[in-house]
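# sequence-free structure coming up:
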């Protein structure tokens, strides 16, 4: 994974950097906006897959941010791993080390429709 650009929220990024031994691009902690920063990078086509582990048995104070991040991954059609098995499949895939032409949805029709709705309420 060292030949990929890796992004992470605060504490996770520090742990990854120490464990993997290479530079991680770190954002704010998740509850302080890091999840939203990653979501913005997905929307800007700077992040093309997501590994995001979370505990489904525990409440999260930033749950709306977590859902928004996962939503961005689905909206922009990037692979998502939310558990170890999915992450193992994704990381070990031969597609990890070659160019992959992901189908990026064309939202122009949606944008135009929204624009018309705001002009003609």
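Cool, got the structure. Here the structure is a predicted model, which means the values were calculated and not measured.

# host element of residue 113?
In the assignment (DSSP states H and E), residue 113 maps to helix 108-119.

# residues contacting residue 65?
Going by CB atoms under 8 Å, 6 or more residues apart in numbering, residue 65 touches 30, 31, 33, 35, 36. Any C-beta I mention is one placed from the backbone N, CA and C, and that applies to glycine too.

# any idea how far it is from residue 55?
For residue 65, the distance to residue 55 equals 15 Å [CB to CB, to the nearest Å].

# Kindly report the same for residue 19.
On the measure of CB to CB, residue 19 and residue 55 end up 20 Å apart.

# do residue 105 as well
Residue 105 sits 30 Å away from residue 55, taking CB to CB as the criterion.

# Settle it for me: which of the two has more neighbours?
residue 105 (10 against 7; other CB atoms under 10 Å).

# What count of nearby residues applies to the residue nearest to residue 29 when sequence neighbours are not counted?
Among residues not flanking residue 29 along the chain, residue 10 sits closest, at 3.8 Å (CB to CB, 6 or more residues apart in numbering). Residue 10 has 16 neighbouring residues, counting by other CB under 10 Å.

# measure residue 10 to residue 102 for me?
With CB to CB as the criterion, residue 10 and residue 102 are 28 Å apart.

# and if you look at residue 45?
Distance, residue 45 to residue 102, using CB to CB: 10 Å.

# For this protein, which segments count as strands?
7-8, 25-26, 50-51, 80-81 (DSSP state E).

# Now do the second one: everything it contacts.
Right, strand 25-26. Here strand 25-26 makes contact (CB under 8 Å, 6+ apart) with 5, 6, 7, 8, 9, 10, 13, 14, 17.
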